[in-house]
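let's see this in three dimensions:
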Amino acid sequence: MPPIRLTYSLLMIAALVACSLMLRRSQARLPLPAWQKLAIGLAAFCGAMIGAKLPFVLSDWEGLRSGSAWLSDGKTIMCGIVGGYFGVEIIKWALEIRVKTGDTFAAPVAIAVAIGRVACFHGGCCYGTPTSLPWGCQFPLAPDDLPRHPT
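Numbering: from 1, shown residues only. Just a heads-up that it's a prediction; the model follows:
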């Protein structure tokens, strides 16, 4: 099991809380009952989590068989956004919701991604290419000790 990095974990929780609060506020104007709004939010979260992990799980066949691939490090924001989209569309189809909801996710997801990127910087898990520029940082999980562009 990967080590728990406190700053990373706290910032990711902050991203989730900020997104949830903003989503609740932005969905207030939707003509839907509260339970449907909650279902849409939960479907977005579950879809995003599955989508973010899926590329890493599928590339680790041994971990997929043992179940450890789901617990390992590795997520991708692009697949997370796509997974969240599909989660919302599936639940809207299942509940026969015809109201457009996409705009209510724009700002909350942007804030969550921004906070999540700060979490990744503090976690040291996401690093760029080597650089000699003054903003280069050393990342503990990089394969070498070279300063790298923050991502």
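
in the helix-or-strand element of the chain with minimal mean pLDDT, what counts as buried?
Least confident helix or strand, the chain: helix 61-66 with a mean of 73, by mean pLDDT, DSSP states H and E. Residues of helix 61-66 classed as buried: G63 (neighbour count, 16 or more other Cβ atoms under 10 Å). Every residue, glycine included, has its C-beta placed from N, CA and C.

packing partners for it?
Other helices and strands packing on helix 61-66, by 3 or more Cβ pairs under 8 Å, 6 or more residues apart in numbering; DSSP states H and E, are helix 34-58.

give me the contact list for the helix it packs on.
With Cβ atoms under 8 Å, 6 or more residues apart in numbering as the test, helix 34-58 has contacts from 16, 20, 23-24, 27, 30, 32, 63-64, 69-70, 72, 74-77, 79-88, 90-92, 95, 97, 101, 105.

buried ones among the residues you listed?
By neighbour count, with 16+ other Cβ under 10 Å, those hold 23, 27, 30, 32, 63, 69, 75, 77, 79-88, 91-92, 97, 101, 105 as buried.

which is the next helix or strand following the least confident helix or strand of the chain?
Once helix 61-66 ends, the next helix or strand along the chain (criterion: DSSP states H and E) is helix 77-94.

now the terminal residues of stretch 140-151, how far apart.
Across stretch 140-151, the terminal residues are separated by 14 Å (Cα to Cα, to the nearest Å).

again, but for stretch 129-147
Taking Cα to Cα, stretch 129-147 runs 8 Å from one end to the other.

go on, stretch 119-136?
Stretch 119-136 end-to-end distance (Cα to Cα) = 17 Å.

residues contacting that stretch, please?
5, 7-8, 11-12, 15, 73, 117, 137, 139-142, 144, 146-151.
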